[in-house]
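Novice: just coords:
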C-alpha cells in the first residue's frame, strides 16, 4: 500500500467510526425518549455514564479527535494547522486596516483605507478607523504620511482569503479569538444533534488541536448566551444541553 492509499484508508476508517458514533448517539436519544435503559454495548461505545445535572445519568461523550477542523482552505503557502481564521465580518477595525494594507503592498490614502475596511466589516465608522490608525502609527506598525498609510510590520497583519481573515492566533484581539471559539462551538454541535452540556463542550473544545482560544466553563456560558441571542443555538427542553437552532441546522 502506497502513501496515498494509506491516507485514503485512514480517512475511510475515520469516516466509518464517526458514522458509527452518530448512530450510537441517535440510538441513545431514542432510548432516552422512550424511557428505556440504554443497552450495555451502546453505553460502552459512548463511554462510562456521568451525571447529567438533572438527577439522572448521561453517558460521557467520546473525545473529539474525530471531529475535523472547520474545513476552510488557508492562503497559498500556509497551513491550517498553524493559522486560524474567522469570518472577516467578525474582525475588529485594527485587523481590517492591517489586512487591507498587507493586501495592497503599497501606501494607501486614508479615505481608501476607510472605504475598504467599511466594505469588509459591517458598522465600522470613519472615526473607529481613524483612531485605530493613530494607535497603529504610534506603535510603529504603520506609517501615515502625505503619501498614504503604509504597513511596516507585515508579520502583525492577517491575510484576507475567501471572505475570511487568516493569521497566527497571536495577531488576533480578544474579541476575534472569542469569535473563533464560538465558530468552533457551532461546528462541534453539528456533530452532536442530541446536544451537549457546557462541561461536555469544554471537553470537546479542549480535545480539538485546531482550536486556539482560552476554554473554560465561564467563557462558554457567555458564548452560549451570545449565540442564543443570535438565534444560533437553543436549549434542549428543560435540560442543560445546548443544540443548534433550526436555522443553523438547515445551512
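Specialist: Received the coordinates, thanks. What you are looking at is a predicted structure, and each value in this text was computed from that prediction instead of being measured.
Novice: so where's the stretch 101-250 of the chain uncertain?
Specialist: Residues of the stretch 101-250 of the chain meeting the criterion pLDDT under 70: 249-250.
Novice: mind redoing it with 80?
Specialist: For the stretch 101-250 of the chain, the stretches flagged by pLDDT under 80 are 247-250.
Novice: now do the strands in it.
Specialist: Here the stretch 101-250 of the chain has its strands, by DSSP state E, counting those that start in this stretch, at 142-145, 148-151, 159-161, 164-167, 233-235, 242-244.
Novice: check which helices and strands the fifth one sits against.
Specialist: Taking 3 or more Cβ pairs under 8 Å, 6 or more residues apart in numbering; DSSP states H and E as the contact definition, the neighbouring helices and strands of strand 233-235 are helix 174-189, helix 217-229, strand 242-244. Backbone N, C-alpha and C define where each C-beta goes, glycine included.
Novice: the same query, at a cut-off of 10 Å, please.
Specialist: helix 174-189, helix 217-229, strand 242-244, helix 246-249 (3 or more Cβ pairs under 10 Å, 6 or more residues apart in numbering; DSSP states H and E).
Novice: wait, doesn't residue 195 sit right on residue 240?
Specialist: Yes - using Cβ atoms under 10 Å, residue 195 is in contact with residue 240, at 9.0 Å.
Novice: of the two, who's got more company?
Specialist: Ranked by neighbour count (other Cβ atoms under 10 Å), residue 195 and residue 240 place residue 195 first, with 21 against 16.
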